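1. need the 3D shape of this:
(one chain, ligands or ions: 1)
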Amino acid sequence: MRFPHLFVKRITATLVGLGVAAAAHAQTAWDMPTPYPASNFHTENIQQFAKEVDAATGGKLKITVHANGSLFKANEIKRAVQAGQAQIGELIISGLANEDALYALDTVPFLATSYADSKKLWAASKQAVEARLAKNGLKILYSVAWPPQGLYSMTELKTIGDLKGMKIRSYSPTVARMIELMGGQPVTVQAADLTQALSTGVVSANLTSSATGYDTKSWEQLSHYYDIQAWLPKNIVFVSKKAFDALDQPARDALLKAAAAAEERGWKVSEEKTAYYIEQLKSHGMKVQPAPAALQAELLKVGEKMTAEWAEKAGPDGQAILDAYRKLK
Ligand code: PCA
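-> The predicted structure is shown next:
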């Protein structure tokens, strides 16, 4: 179903392009698949970015955002842009962790738990991530962190033992590993399918941000939110190098300028809205609290183990990034 749909779109875009070209105003139309709902702060930021690109190019570069996995599912977006089925997209870096340990860095538990540290971790690792994606013909335009990750549950949690055997929703290989080490059973569910997975009882706990809890109205299925602040995962907005190179210089400049503005705005909004999201969880009746000391101590131990596992997998290059990060701290 997807390919004919895209095909028709492409023809339409081409025809529109030809018509406009006849009037000597070549227009480029890009499809932008993204994984998260239209009302999510990342998506709103992307819409603003697309608007600014449109304005700065005088309507010559049109980016159509397809939110919530509607054009390609979260785990298909990278491949779609690589294959030229879309020109630009958004993804969560840690979703790629099976390709390279480097991509798992920002979900190593308790390594960087504040916005300030998360920015430092990105500064220390950005070049390596860019180089890795360049091998796939992809170019990063910008990156924005999610709010700190917490633990949602249907029941009260006192110790790690309370998670034993529990089906817990995961969004990436590293999250799955953490759930395993906590004694739970990881079930991979993308954000777009989360509400359904919770309401049908496929999972009964979740490890994500206050933002996603708010987006998916977690209070309808879950009662407790433990603000464990495990990490701040990052999304990237990236483009096919081929599509980027096909733009004229003013359009490239406009895109990069809008991307820099989106990065700055995105980090700011993410941090500023965290308190609002937490407030919303509370006002809808969720019990929001820090993890009890015993549970937090056990989770920190899981974090230590995962830090060691990461360093081993990522080898000397990974160690160099960790060292660079610790120097920035
Ligand atoms: N929300 C996304 C990824 C990280 C986050 O905070 C999700 O739950 O899928």
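2. helices of the stretch 1-150 of the chain, start to end?
-> 2-22, 41-56, 77-82, 115-134 (DSSP state H, counting those that start in this stretch).
3. which one of those helices has the lowest average pLDDT?
-> Comparing mean pLDDT across the helices of the stretch 1-150 of the chain, the weakest is helix 2-22, with a mean of 50.
4. which residue packs closest to the closest residue to the ligand within the chain, ignoring adjacent ones?
-> Closest to the ligand within the chain is S209: 3.0 Å, counting by Cβ to the nearest ligand atom. Just so you know, the C-beta spots here come from the backbone N, C-alpha and C atoms, and that holds for glycine as well. The shortest distance from S209 to any non-neighbouring residue, by Cβ to Cβ, 6 or more residues apart in numbering, is to P147 (4.2 Å).
5. give me the number of residues near that neighbour?
-> A count of nearby residues for P147, using other Cβ atoms under 10 Å, gives 26.
6. point out where the protein drops to low pLDDT.
-> Applying pLDDT under 70 to the chain flags the ranges 1-25.
7. residues from the stretch 151-300 of the chain in reach of the ligand?
-> Counting by Cβ under 6 Å from any ligand atom, the stretch 151-300 of the chain comes close to the ligand at 171, 191, 208-209, 211-212, 233.
8. which one of those is nearest H42?
-> Nearest to H42 among those is A211, at 8.5 Å by Cβ to Cβ.
9. where's the closest one, which helix or strand?
-> helix 210-215 (DSSP states H and E).
10. what packs against the helix or strand harbouring L255?
-> If you go by DSSP H and E, L255 is part of helix 249-283. If contacts are counted by 3 or more Cβ pairs under 8 Å, 6 or more residues apart in numbering; DSSP states H and E, helix 249-283 sits against helix 41-56, strand 61-66, helix 115-134, strand 138-145, helix 210-215, strand 234-240, strand 287-289.
11. does the fourth one reach the ligand?
-> In other words, strand 138-145. No. If you take Cβ under 6 Å from any ligand atom as the test, strand 138-145 misses the ligand, and the best it gets is 9.2 Å.
12. so what are the sheet partners of that strand and their directions?
-> Here strand 138-145 is paired, per DSSP bridges, with strand 234-240 (antiparallel).
13. following the strand it pairs with, which helix or strand shows up next?
-> Taking DSSP H and E, what comes next after strand 234-240 is helix 241-245.
14. alpha carbons of that following helix, as PDB, please.
-> The C-alpha trace of helix 241-245 is given here as PDB (Å, rounded to 0.1, in the frame of the first residue of the first chain):
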ATOM      1  CA  LYS A 241      23.000  13.600   1.600                       C
ATOM      2  CA  LYS A 242      21.900  13.100  -2.000                       C
ATOM      3  CA  ALA A 243      18.800  15.200  -1.500                       C
ATOM      4  CA  PHE A 244      20.700  17.900   0.300                       C
ATOM      5  CA  ASP A 245      23.400  18.100  -2.400                       C
END
